[in-house]
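Student: Okay, here's the prediction I keep looking at, along with the sequence it came from:
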Amino acid sequence: LASENGPLPATRIVRTGSGGLHYFFRHPGHFTVRNSTSWLAPGIDIRGKGGQVVAPPSVSGRGPYEVIADHPVAEAPDWLLELLHEHTRNYDNGRSTEAKGAEHVDMALVPERVRIAATTLIGEDEGRHKHFHSIVAACYEAGYTQGQTVTIAAPWCAAVDKFVGRVESEVARSWGKIQAAADKQNEWLPDSAGPNPTPLHPTNGNTALKPVPNPTPAADDQDDTDPDDDPALDLTPTWRPVDLEPILTGTYQPETPQLYPRSDGVALVYPGRVHSFHGESESGKSLVVQAEAARLIGERRDVLYIDFESDAGAVVGRLLDMGATPDLIRAHFTYLRPDNDPRRFPHEREEFAAVAAGRYALAVIDGMTDALGVFGAGTKDNDEIASFMRSFPRLLAVRTGAAVIIIDHVTKDADSRGRFALGGQAKMNALDGSAYVVEVVEALGRGLRGAVSLRVAKDRPGGVRPHCGPFRKLDRTQEAARVVIDSTGGSIEVHVEAPHRTVDSDPEAAKTWRPTVLMQKVSDFLEHAVAGVSQTTIEEGLGGTRDHVRKALALLVAEGFVEVESGPRNARLHSLSRPYFADEDPESDTYVGWAEPGQNDTTPPPRRDRAGTAPTAGSGDRAGKPVSPTGDRRGQELGSEGSKTTTAPDAEKPYLEVACAGCFRPVPKAIADTWSGRCSNCAREAGLL
């Protein structure tokens, strides 16, 4: 303290029994010095009017009091007098602050810091007065009013038997001190309105498009009755046993999804539950959710959109492009662009309470990462994420009845993300509805006709998965819908189609896994080869799981994309008969032909025209000699000597065949080795494919 303000003059100093120091000073008497503990600075106490200290040569239980600097008592320095005078002003403000009665508090919105302070019990000799002041300070910093602070502090006072019967006056005393100190801190601000000035409304147009009535009662309408008698409080005990009779008698009806319907009538989103749509940047995740918002607005159903990333112009512009009319948007769409935690400021809390008192079919939280930041939670702290989910998305779902959809991001690394959104696993755990991974199938953009795949990653109620596509072991997801987004005509047309093959329409689909992405990688690898290569070379060239590579290769052989011939020392050499493209495979996740009505029978363009010439070595992308799959330049010599590098499609390719262990028909040994001696049909029947 002295290093910040100036040195202390030589004065009388006494060492206490515990080793502390007492500095004695004179003061001019133009104000009253009040007692304080650690107010001036941590560990520094003041004793003035009504205060006392033990004088030497007294002896305490910890040791003797003794003079260590026997100087005359000096005049207090000016900087010390000013600090003490400030404390006196704060003290007087506390005594003059008007006591206020209790006001209603929504306990579901109480911040964690306030909740901890108000529930920590303090022993009689552990500083109850100081802790009471910390409760009031926490409430003040969280934006509660003086009357709401009385409501929060009263149960603590009753529990520790402190200030019972005079909670209002004691809160007023602490309130005045805190307010005076806060005003002092803000004196440097021009035209300061105090510690919690009401922020100006945003000027960029991000205001609610539909005003919501404020259900908070006026101060004159509130009385001093017990807050437990307030009918606005939800006092239904959560620890009350659940009535199981409907389940036991068979009258219970399981929840079914009702929003975000596909063209076949199957819906993907549950009312009153929390969902997640997460994907990469520019994957169309916001757009596909806005499409459902536009559909509901068109049906004259209310939608709440809480935007932490975009702006009103972009969101409403899309709704207009999707066919929602201005009148319907005015009547059924509420848009928010918040920047503050609603639990911190009274004016924000009132607006949030008004929104939470409404009824909506859909509530969208666009921008999970920024939403967590506004609420003071980290993206990787699972405890903070769980608290956020309870106090915001889940609260919205319960109070408004809306299906809440959180729009979130995924990690950049596709191999490690799995089915999860970016950050802590609590994001997925806290969902009580469904979670969908949004994957781009065809590029989206103005003037384009694109498509995205919605893959269900979680379905807690269990009403979605039975109507989805095959199970993908890689990330444990199933395709739930293919969303086609057509903006070629100026407007935005959105069609939510069912997967081309679902579990309920094709029970075998649940058992199959077709590594189409890996099949295309094998095809690309062989297209670069200048001669037949062995299975081991392919496995080493592609890396990854060998069993998956073998399965992809066997499927390409069985379906005529790859041919096998005998090589030196009984080696089986593989060469490409025709390129394989995953987006032309009806069983691939990236297949888009099925999504184009009437186009299923259209012959695709020649594959060589699509793929171009196989990559070669030399200057430029498509010049020079072929490069061998092992990375050396053997192809140059082979090509220069006219060696056979390709084979006509109709030429015979001798390869080993064995009898299928199931149907005893001839089958290439490469396939039999992959599926325990079976052909692809028998392997599928045995559950191996």
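Tutor: Received, thanks.

Student: Quick one: the helices in the stretch 351-500 of the chain, in order.
Tutor: Here the stretch 351-500 of the chain has its helices, by DSSP state H, counting those that start in this stretch, at 368-374, 382-391, 393-400, 414-417, 426-429.

Student: Of those helices, give the one that comes closest to A331.
Tutor: Judged by Cβ to Cβ, the one of the helices of the stretch 351-500 of the chain that comes nearest to A331 is helix 393-400, at 17.1 Å. Backbone N, C-alpha and C define where each C-beta goes, glycine included.

Student: quick one: low-confidence ranges for the stretch 51-200 of the chain?
Tutor: Residue ranges of the stretch 51-200 of the chain with pLDDT under 70: 90-96, 125, 182-200.

Student: Check R419 and give its pLDDT.
Tutor: On pLDDT, R419 comes in at 79.

Student: Residues contacting stretch 406-414, please?
Tutor: With Cβ atoms under 8 Å, 6 or more residues apart in numbering as the test, stretch 406-414 has contacts from 274-281, 285-286, 289, 364-369, 371, 393, 417, 420-422, 427, 437.

Student: Name only those of these that count as buried.
Tutor: 274-280, 285-286, 289, 364-368, 371, 393, 417, 420-422, 427, 437 (16 or more other Cβ atoms under 10 Å).

Student: Filter these down to just the ones in strands.
Tutor: Within those, residues falling in strands by DSSP state E are V274, H275, S276, F277, H278, G279, V364, I365, D366, V437.

Student: What mean pLDDT does stretch 401-410 get?
Tutor: On average, stretch 401-410 scores 93.

Student: before we move on, what about stretch 476-492?
Tutor: 90.

Student: Would you mind measuring the gap between the ends of that stretch?
Tutor: 32 Å (Cα to Cα, to the nearest Å).

Student: okay, the residue nearest in space to the middle of the chain: pLDDT?
Tutor: Of all residues in the chain, the one closest to the mean position by Cα atoms, centre = their mean is M368, 4.0 Å from it. The model reports M368 with a pLDDT of 92.

Student: Now do the same contact list for it.
Tutor: Counted by Cβ under 8 Å, 6+ apart, M368 has contacts S276, H278, I406, I407, D408, H409, A421, G423, K427.

Student: go with 6 Å
Tutor: I406, D408 (Cβ atoms under 6 Å, 6 or more residues apart in numbering).

Student: go on, Y260?
Tutor: By Cβ under 6 Å, 6+ apart, Y260 lies in contact with A267, L268, V269, E292.

Student: do the same with S58
Tutor: Here S58 is in contact with Y65 (Cβ under 6 Å, 6+ apart).

Student: Can you list phi and psi of it for me?
Tutor: phi -60, psi 160 (degrees, to the nearest 10).

Student: Offset the numbering so it begins at 50, please.
Tutor: Shifting the count to begin at 50 puts that one at S107.

Student: gap between it and Q101?
Tutor: Per Cβ to Cβ, to the nearest Å, S107 is found 12 Å from Q101.

Student: Same question for N389.
Tutor: Look at N389 and Q101: by Cβ to Cβ, they are 47 Å apart.

Student: now do L368
Tutor: Plainly put, L368 is 72 Å away from Q101 if you go by Cβ to Cβ.

Student: Those two: which has the busier surroundings?
Tutor: Between L368 and Q101, counted using other Cβ atoms under 10 Å, the more crowded position is L368 (24 against 7).

Student: Check the offset of stretch 354-372 from the chain's centre.
Tutor: How far stretch 354-372 lies from its chain's middle: 20 Å, per Cα atoms, centre = their mean, to the nearest Å.

Student: next one: stretch 454-463
Tutor: Counting by Cα atoms, centre = their mean, stretch 454-463 comes out at 8 Å from the chain centroid.

Student: Name the residues of it that come out as buried.
Tutor: Buried, per 16+ other Cβ under 10 Å, within stretch 454-463: I454, I455, I456, D457, H458, V459.

Student: Pretty sure the first one sits against H324.
Tutor: This means I454. Yes: using Cβ atoms under 6 Å, I454 is in contact with H324, at 4.9 Å.

Student: about what we covered before: for the ones in strands among the buried ones among the contacts of stretch 455-463, which one is nearest G512?
Tutor: Looking across those and measuring by Cβ to Cβ, the closest to G512 is H324, at 12.5 Å.

Student: can you count the residues close to Y319?
Tutor: 25.

Student: ah, wrong one, I meant G372
Tutor: If we define neighbours as other Cβ under 10 Å, then G372 has 16 of them.

Student: Neighbours of S67, how many?
Tutor: Every residue meeting other Cβ under 10 Å relative to S67 is counted, giving 10.

Student: That one is in contact with P113, isn't it?
Tutor: No: at 10.9 Å, S67 and P113 do not qualify as touching, with contact defined as Cβ under 6 Å.

Student: Secondary structure element holding E135?
Tutor: helix 127-145 (DSSP states H and E).

Student: by contact count, what packs against the next helix or strand after that helix?
Tutor: Once the chain leaves helix 127-145, the next helix or strand it forms, by DSSP H and E, is helix 161-168. Judged by 3 or more Cβ pairs under 6 Å, 6 or more residues apart in numbering; DSSP states H and E, helix 161-168 is in contact with helix 177-190.

Student: could you redo the last one with a cut-off of 8 Å?
Tutor: Helix 161-168 sits against helix 177-190, helix 195-209, with contacts defined as 3 or more Cβ pairs under 8 Å, 6 or more residues apart in numbering; DSSP states H and E.

Student: Columns distance to L308 and mean neighbour count on top of those, output as JSON lines?
Tutor: Compiled in JSON lines, the helices and strands packed on helix 161-168 are given as follows (distance: least, Cβ to Cβ, whole Å; neighbours: other Cβ atoms under 10 Å):
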{"stretch": "helix 177-190", "distance to L308": "39", "mean neighbour count": "19"}
{"stretch": "helix 195-209", "distance to L308": "37", "mean neighbour count": "21"}
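
Student: Same list, those helices, but as TSV with distance to L503 please.
Tutor: Below are those laid out as TSV (distance: least, Cβ to Cβ, whole Å):
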stretch	distance to L503
helix 177-190	43
helix 195-209	44
